[in-house]
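Peer 1: sequence? don't have it. structure:
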């Protein structure tokens, strides 16, 4: 029902903006049926796109409109991806502003949100919609989700999660419980898997030395291209460039099938408020330790 409602809202939005700003979507000299503009965002981002179209309308004079056309506006991994032709200097600032607003606006409802992942998929959610998205990953299916959603819980003062959310913003405790309810099973590793994964240790230690405290593995599916999530538990926060260097080093050593997530002790203390709550809860509830690498002694 929610998906159907969103689809209707999206279709109505597309029709309205193309009627209001037709020149921004016209491909001059080409049939209007060729290469249609791709717009694929959820209703929470409709208003910021509408403001973007209005600002472009005001900034681009009629004499320069022939060369302008949107090509793609869509959510890609929780980021507003915008491509267009023409007059970049006139519109680039408002395009960047729209991207910045999208980065902190829930894709479903436009309230304050954060870019967070659920089972490898990133999206900008408010806490309520993050909880709802977490529950789509519940391995018990719809029946288990409904039971959890409507069952009174002692930790919530004998209220159900549904009742708590009706009263106001989601408390940290409820986000924590939803994370735990959505966790996959911890993987089981055979001897060959363990032996191979031990080889991750020297690669990571070369990158981080004593800052690396332990390594864990979650979401392990050897039959898939990305066969697991490698969780590095760190003594302190790690910068983006350091993370990228570690990813590249792992790929060079034959571990490109592992998705690397680096977590600090502070993250693990409050997973519901960490920058990557899903990975934090994986480390706490649904992962296995990778044994330290021990090179064989020479004969």
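Peer 2: Everything's here; your move. Just so it is clear, the structure is predicted and the values come from calculations on it, not from any experiment.
Peer 1: quick one: the helices in the stretch 151-299 of the chain?
Peer 2: Secondary structure of the stretch 151-299 of the chain (DSSP state H, counting those that start in this stretch): helices at 161-167, 172-182, 191-198, 200-208, 240-252, 265-269, 277-285.
Peer 1: and the longest one, what other elements does it pack with?
Peer 2: Okay, so that is helix 240-252. When contacts are defined as 3 or more CB pairs under 8 Å, 6 or more residues apart in numbering; DSSP states H and E, helix 240-252 sits against helix 200-208, strand 258-264. Every C-beta, even on glycine, is put in place using the N, C-alpha and C of the backbone.
Peer 1: looking at the helices of the stretch 151-299 of the chain, which is buried most?
Peer 2: Most buried of those, by mean neighbour count (mean count of other CB atoms under 10 Å): helix 277-285, with a mean of 23.
Peer 1: Show me the contact partners of it.
Peer 2: Defining contact as CB atoms under 8 Å, 6 or more residues apart in numbering, one finds that helix 277-285 is touched by 116-119, 130, 134, 175-176, 179-180, 183, 186, 216, 218-219, 229, 231, 233, 261, 263, 267-268, 271, 274.
Peer 1: Rounded mean pLDDT for that helix, please.
Peer 2: Throughout helix 277-285, pLDDT has a mean value of 97.
Peer 1: can you pull the contacts of the closest residue to residue 42 other than its chain neighbours?
Peer 2: Spatial nearest neighbour of residue 42, excluding adjacent residues (CB to CB, 6 or more residues apart in numbering): residue 107 at 4.2 Å. Contact analysis of residue 107 by CB under 8 Å, 6+ apart lists 41-42, 44-45, 75, 78, 113, 123-125, 129.
Peer 1: quick check: angle from the strand or helix carrying residue 142 to helix 172-182?
Peer 2: According to DSSP states H and E, residue 142 maps onto helix 141-150. Calculated by axes from the mean of the first three to the mean of the last three CA atoms, to 10 degrees, helix 141-150 forms an angle of 160 degrees with helix 172-182.
Peer 1: Identify, from the contacts of residue 107, the entry nearest to residue 242.
Peer 2: Nearest to residue 242 among the contacts of residue 107: residue 78, at 21.8 Å, using CB to CB.
Peer 1: Pretty sure the closest one sits against residue 115.
Peer 2: Yes - using CB atoms under 8 Å, residue 78 makes contact with residue 115 at a distance of 4.1 Å.
Peer 1: looking only at pLDDT, what's the mean for stretch 151-158?
Peer 2: The average pLDDT within stretch 151-158 is 91.
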